[in-house]
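J.: starting from these lines, generate the structure:
(4 chains)
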2 protein chains.
Amino acid sequence: MSRHTLASLASELGVSRQTISNVLNAPHKVKPATRERVQAAIAAAGYRPSAAARQLRTQRSMNFGMRLFPATDGINGAILDRFLHALTEAAQSAGYRLTLFCADSDEEEVRQYEQLLDVAGLDGFILTSSRPDDVRTHWLGERGTPFAVFGRPWDAAGHSAPADHPWVDVDGAAGTEEAVRMLLTQGHSRIGFLGWHTGSPVGADRRQGWERAMTAAGHGQDLHVLGVEAEDTVAGGASGAALLASRGATAMVCSSDSLALGAMEKLREAQPGAFLSGQPAGPAGRAAIVGFDDTPVAAALGLSSVAQPVEEAARHIIGLLTHELAGKAAAARSGAGAPPARQLLLAPRVVERIPLPLASPGPS
Amino acid sequence: MSRHTLASLASELGVSRQTISNVLNAPHKVKPATRERVQAAIAAAGYRPSAAARQLRTQRSMNFGMRLFPATDGINGAILDRFLHALTEAAQSAGYRLTLFCADSDEEEVRQYEQLLDVAGLDGFILTSSRPDDVRTHWLGERGTPFAVFGRPWDAAGHSAPADHPWVDVDGAAGTEEAVRMLLTQGHSRIGFLGWHTGSPVGADRRQGWERAMTAAGHGQDLHVLGVEAEDTVAGGASGAALLASRGATAMVCSSDSLALGAMEKLREAQPGAFLSGQPAGPAGRAAIVGFDDTPVAAALGLSSVAQPVEEAARHIIGLLTHELAGKAAAARSGAGAPPARQLLLAPRVVERIPLPLASPGPS
DNA sequence: CGCACAAATTTGATCGATCAAATTTGCGGC
DNA sequence: GCCGCAAATTTGATCGATCAAATTTGTGCG
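T.: Okay, here's the model as predicted:
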């Protein structure tokens, strides 16, 4: 256990505390020879400066906070794992740590911000789901606390609205658009959309991509018939898929993997082996259903799905925060790297899969 | 923003720093009248003591650390969400915070412990998957760092081994045992077990419960035939289920929801509507497949599954850590509550579900 | 009334780092 | 050899709390 302190190391080495401190924080201020000698001693002793002492003096905790939502649907929330891991990793390699907290509501979340800022001195926050007229971003913005949001800002009407705080989001419309294009090249033309019955802006965005791609391909006439809404559950997906099938859809793009899973189950049952394999219109072995979020379930079942680049989003968010925090102190000094885009819309990627060939044998 | 400090509040109030400090940390030392006056002032000013200053003096960070594993399988890792949320919540209400970190290996994890102890002064760690001959528990134990494990200790041979560190685990065997009993009362007798082909102690434990229940029910003769191992994937589950079915199994208990899902898909395809509804032996509407972990997928598909009480486990783990840390200082003083069990094996619960009736109509 | 002794409160030192200012060292030039 | 000036290093103060010891206040009793 390294019971070392600046003072102890300093006296052992025959230099002053401040010199060691400078070696760590402002190496250029120290003569190369001394610097190297000190660095060697630091390494040998395994000395690590105490974050608490540092924080007390500098008023920086090197700590970001993030609210953990209760596991809601779960099947979709599954990408949270990936996001959280990527965040932690990125924060870690930037020298920051990540502190979690819980809250029952947005108001409670704001109360937690206040407390965590006072008590733990967090340097910034990561918000995960932006809502129309978000109270949290207002509060943080007014207070001047650094933060970055995963999710673009929506106005009260649920439309994408300009805002000057940093955010990263995934372009859902681009995702569904690409999904439609994939299905088109497979030979489908009556491609349905299976969305949420809640009027969420995210859902509207995903639907828009489908509409855009269908219209562009000249299939814009039946959009009102081929766009269906259901509860975001497997059961909802099943019933929605039945409706779409009855209206002649040969393929469908879904707002979530839950819906897609329900659709898949339903259609597999209705036309065993046929529809799912890309029939009737597509080449054999291609899925005619595309989900959203590329959850582990989709991967397990061989369901095509729109994958969000959450790792990239996480890294960018950390980049935004660290840039802002570093900038405050050392902006013009070192010139730094190019600042990360304050608003970034990432393109998702359609993962095309071949449904599991369950008919074949092969026991272990 | 509450720019308040002990000293500032003290002078405003006309008392000394230490009195305020005592009101917060040792109220009994302060005369009731003063105490109330100070408490009122604290509330009015919204004063909150700085964690950094406190930590510097007391050497306590009120912070626990936990390693975040990379999202591996995912479909099973899904219970991590619940666990993490429960941990955070429990820690929060005990006045602690939770810090996450990443590591590529157990050795790296130990290195992170060392660093986090030195730098951030974490008070304890939560470990999530115990392994045979765990290097991490050794290291922490020798160093005397408080920690608690979710997962019982295994010896090098993969058997449950005594150890004196605090841990909580879920009794997997009891879970599969109960699952078997449920299937027995449904009328099944040829109940198969579909496990992992890796020799993991957790898997062995789950299999044991099945063996025990089968033997107790007088069906112990065909265990070697009805116990099958496969890769822990949906495909593995499908092939394993095919094998079991060919050997006359009418029901099966699986080591994971992935396997169960594969089995379900396979059997639904092989005997549409029949097997899954509890046929041939069980009453209609009952599932003849039971998974493990009760992931959201199982819930979504109406798959019965053995549910781990992860929330309870998380709360107990926090209880263990806080007790140990409080105990160090105030053990005999206040008498405290009964100490939480240092080793605890929680019983899981079988969630019985009726498979989704996909055949019925009902579009939105 | 005063004294002993406990209860209540205050004061000075400290945790381990950084900041700001003071001091010492190094070096070229006259 | 001495001066000035920049580079390198050191010193004292400080962040905001708690600890330990000192001091003041309060109470019972001879």
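
J.: from B:S50, how far out is A:S50?
T.: Here the criterion is C-beta to C-beta, to the nearest Å. By it, A:S50 lies 15 Å from B:S50. Every residue, glycine included, has its C-beta placed from N, CA and C.

J.: hmm, who's touching stretch A:305-313?
T.: With contact meaning C-beta atoms under 8 Å, 6 or more residues apart in numbering or on different chains, stretch A:305-313 is reached by A:79, A:82-83, A:86, A:150, A:168-170, A:172, A:175-176, A:178-179, A:257, A:260, A:290-295, A:298, A:346-351, A:353.

J.: now intersect these with the helices, please.
T.: Taking DSSP state H as the definition of helices, the contacts of stretch A:305-313 contribute A:79, A:82-83, A:86, A:172, A:175-176, A:178-179, A:257, A:260, A:298.

J.: same list (these) but as TSV, adding neighbour count.
T.: Listed next are the ones in helices among the contacts of stretch A:305-313 as TSV, based on neighbours: other C-beta atoms under 10 Å in any protein chain shown:
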residue	neighbour count
A:I79	18
A:R82	21
A:F83	21
A:A86	23
A:G172	24
A:G175	27
A:T176	30
A:E178	20
A:A179	30
A:D257	31
A:A260	31
A:A298	29
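
J.: filter those residues down to the ones near chain B?
T.: For chain B, the contacts drawn from those by C-beta under 8 Å from any C-beta of the partner chain are A:R82.

J.: turn the ones in helices among the contacts of stretch A:305-313 into CSV, including distance to DNA strand C.
T.: Formatted as CSV, those follow (distance: C-beta to the nearest atom of the strand, whole Å):
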residue, distance to DNA strand C
A:I79, 38
A:R82, 34
A:F83, 32
A:A86, 29
A:G172, 43
A:G175, 45
A:T176, 49
A:E178, 48
A:A179, 51
A:D257, 47
A:A260, 52
A:A298, 48
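
J.: between the ones in helices among the contacts of stretch A:305-313, which is closest to B:G220?
T.: A:A298 (40.1 Å; C-beta to C-beta).

J.: residues touching the closest one, list them.
T.: By C-beta under 8 Å, 6+ apart, the contact list for A:A298 reads A:257, A:260-261, A:291, A:304-305, A:351, A:353.

J.: and what of A:A314?
T.: With C-beta under 8 Å, 6+ apart, A:A314 has these contacts: A:83, A:86-87, A:90, A:150.

J.: now with 10 Å, please.
T.: The contact partners of A:A314, by C-beta atoms under 10 Å, 6 or more residues apart in numbering or on different chains, come to A:82-91, A:126, A:150, A:168.

J.: now, of those, which are buried?
T.: Among the contacts of A:A314, those scoring as buried are A:82-91, A:126, A:150, A:168 (criterion: 16 or more other C-beta atoms under 10 Å in any protein chain shown).

J.: can you redo the residues you listed as JSON lines with pLDDT?
T.: As requested, the buried ones among the contacts of A:A314 are exported to JSON lines (pLDDT from 0 to 100):
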{"residue": "A:R82", "pLDDT": "90"}
{"residue": "A:F83", "pLDDT": "94"}
{"residue": "A:L84", "pLDDT": "94"}
{"residue": "A:H85", "pLDDT": "95"}
{"residue": "A:A86", "pLDDT": "96"}
{"residue": "A:L87", "pLDDT": "97"}
{"residue": "A:T88", "pLDDT": "97"}
{"residue": "A:E89", "pLDDT": "97"}
{"residue": "A:A90", "pLDDT": "97"}
{"residue": "A:A91", "pLDDT": "98"}
{"residue": "A:I126", "pLDDT": "98"}
{"residue": "A:F150", "pLDDT": "96"}
{"residue": "A:V168", "pLDDT": "97"}
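
J.: between those, which is nearest DNA strand D?
T.: Checking these against DNA strand D by C-beta to the nearest atom of the strand gives A:A91 as the nearest, at 24.3 Å.

J.: my guess is the closest one meets B:F101, correct?
T.: Yes: at 9.1 Å, A:A91 counts as touching B:F101 under the criterion of C-beta atoms under 10 Å.

J.: who touches both of those two?
T.: Counting by C-beta under 10 Å, 6+ apart, the residues touching both A:A91 and B:F101 are A:97-98.

J.: need the residues of the stretch 101-250 of chain A near chain B, please.
T.: Contact residues, the stretch 101-250 of chain A versus chain B (C-beta under 10 Å from any C-beta of the partner chain): A:101-103, A:112, A:114-122, A:143-145, A:194, A:197, A:228-231, A:233-247.
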